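Trainee: Provided below for reference: sequence and predicted model.
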Amino acid sequence: MPSRLAFLPRARTAAAAVRRPLPGTTLPGTVLAAVLGLAVAGCSPVSSVENADVPKWRATALPSSPAAVVLQDSGKILNRDRIVQEAANVPAGSYTLTAVCDGAGKAFFAVSLDGKPVAEAGAACNGRQETSKINLPAAGRVEISSSSVDAPLLYAYRLVRAQ
């Protein structure tokens, strides 16, 4: 009757063969390659909102400004504070708000007329323009506030009289 002990040494030998490094590779070489990979990744420049060139970003994100622009702004939202811009004596009528943001999350734009809310719009921060139709029922002072709970991010918008 064959002994079971003969099987056990072969199983250990086969398992040890599986753990052997491939020919031509050594453990120190593998470790060195991993360390170098991490070092190169650590030295790569990381673009951040804080260091972004807003005019350069806006030139590509929201390039042309039509002549009928009533109000426009761009910048960085670095915290949850609202950024407010206003234009006085804006005539009643239909307008288009085009907004874009880049970063993470979403930017929100609240439009008010003489201190009363008129409309709200949002833009997903994926670099694509989003438009909203705005109707101003009377002439007056228009304010647009920009904000986000997902700061930091870049934003740009413009309010244009509809044709």
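Mentor: Arrived safely. Keep in mind that this is a model prediction, so the values were computed, not measured.

Trainee: Flag the helix or strand of this structure with the lowest per-element mean pLDDT.
Mentor: helix 27-43 (a mean of 46; mean pLDDT, DSSP states H and E).

Trainee: what's the helix or strand hosting Ser74 in contact with?
Mentor: Secondary-structure element containing Ser74, defined by DSSP states H and E: strand 69-77. Outside strand 69-77, the residues that touch it by Cβ atoms under 8 Å, 6 or more residues apart in numbering are 49-50, 52, 54-55, 57-58, 62, 65, 83, 85-87, 90, 95, 107, 142, 144, 146-148, 151-161. Where you see a C-beta, it was placed from the backbone N, CA and C, and this is true even at glycine.

Trainee: Run the chain-centre distance for whichever strand or helix holds Cys101.
Mentor: Per DSSP H and E, Cys101 falls inside strand 93-113. Centroid displacement of strand 93-113 relative to its chain, using Cα atoms, centre = their mean, to the nearest Å, is 15 Å.

Trainee: follow-up on the earlier one: could you point out which element follows the strand holding Ser74?
Mentor: Next along the chain after strand 69-77, taking DSSP H and E as the criterion, comes strand 83-90.

Trainee: so what strands line up beside that next one?
Mentor: Sheet partners assigned to strand 83-90 using DSSP bridges are listed as strand 140-147 (antiparallel).

Trainee: Can you give me the buried ones in the strand it pairs with?
Mentor: For strand 140-147, the neighbour count (16 or more other Cβ atoms under 10 Å) marks 140, 142-147 as buried.

Trainee: what angle do it and strand 93-113 make?
Mentor: 70 degrees (axes from the mean of the first three to the mean of the last three Cα atoms, to 10 degrees).

Trainee: Give me the pLDDT for the closest residue to Pro117 other than its chain neighbours.
Mentor: Nearest residue to Pro117, sequence neighbours excluded (Cβ to Cβ, 6 or more residues apart in numbering): Ala110, at 6.6 Å. Among the per-residue scores, Ala110 shows a pLDDT of 98.

Trainee: is it true that Ala110 touches Ser145?
Mentor: Yes - under the criterion of Cβ atoms under 8 Å, Ala110 makes contact with Ser145 at 4.8 Å.

Trainee: Now do the shared contacts for those two.
Mentor: With Cβ under 8 Å, 6+ apart, Ala110 and Ser145 have common neighbours Arg82.

Trainee: Give me the below-cutoff pLDDT ranges for the chain.
Mentor: Along the chain, the parts satisfying pLDDT under 70 run over 1-47.

Trainee: ok, for the one residue sitting closest to the centre of it, nearest residue in space, not its chain neighbours?
Mentor: Central residue of the chain (Cα atoms, centre = their mean): Gly103, 1.8 Å from the mean position. Using Cβ to Cβ, 6+ apart and skipping residues adjacent in sequence, the residue nearest Gly103 is Leu153, 2.9 Å away.
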